[in-house]
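Visitor: sequence and predicted structure are below.
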Amino acid sequence: MSLNLSAEIRGLVDNALANGTPMLIAVVTADGKPRMSFRGSMQSLSDDQLSFWARRLEGATLEGIKVHPDVAVLYRDAPNRMLLQFAGRARVATDPAERDRVYEIAPEIERRADPERKGDGVVIDLDRVEGMLGLGEDGRPKLLRLTRED
């Protein structure tokens, strides 16, 4: 199956902060150390991209992405037995229109934290999505695996 985020997956990502399930990103910092951070502004940017607004330009996450673009993102909703792992390549949005779009689709509470848009937009071009979307009617896990066609 090719990598094309369904409306269900996009809805989970886009509503993660409001649902109390903010997403976790794992990066490798510029000095080669692992780092994880929650991103309340994580959203689906397209059928095969995620994005988030980084309020701090000087942070270890952004500096790491510039050197080591491979990232992993985790969505977990334990009560509903949902777990999604995203893997891809992150980059700082250099196109002004793309940067603006990343900011504009972020949740309002996140935009209010940076009303002057001093931060930057980060785009994640996805290569893989794996996980579980709850249980089926038969009680078995509904497993998911999407990969980018090479």
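Guide: Looks like it came in fine.
Visitor: paired strands for the helix or strand where residue 75 lies, with orientation please.
Guide: Assessed by DSSP states H and E, residue 75 sits inside strand 70-77. If you go by DSSP bridges, strand 70-77 pairs up with strand 23-28 (antiparallel), strand 82-92 (antiparallel).
Visitor: give the helix, strand or coil label for residue 31.
Guide: coil (DSSP: H, G, I helix; E, B strand; the rest coil).
Visitor: tell me which of the strands paired with strand 70-77 lies nearest to residue 13.
Guide: With distances scored as Cβ to Cβ, the stretch of these nearest to residue 13 is strand 23-28 (7.0 Å). For every residue, glycine as well, the C-beta is placed using N, CA and C.
Visitor: buried sites along whichever strand or helix holds residue 35?
Guide: Residue 35 belongs to strand 34-39 when elements are defined using DSSP H and E. For strand 34-39, burial by neighbour count (16 or more other Cβ atoms under 10 Å) applies to residue 39.
Visitor: that strand pairs with which strands, parallel or anti?
Guide: When DSSP bridges is applied, strand 34-39 pairs with strand 23-28 (antiparallel).
Visitor: other residues contacting the strand it pairs with?
Guide: 13, 16, 34-39, 42, 52, 60-61, 64-65, 67-68, 70-76, 90 (Cβ atoms under 8 Å, 6 or more residues apart in numbering).
Visitor: chain center to it, what's the gap?
Guide: 9 Å (Cα atoms, centre = their mean, to the nearest Å).
Visitor: try stretch 96-109
Guide: Mean-position distance between stretch 96-109 and its chain equals 14 Å (Cα atoms, centre = their mean).
Visitor: switch to numbering from 488
Guide: Understood, numbering begins at 488; the last thing we discussed is stretch 583-596.
Visitor: that stretch: which residues count as buried?
Guide: Buried, per 16+ other Cβ under 10 Å, within stretch 583-596: 585, 586, 588, 589, 590, 592, 593, 594.
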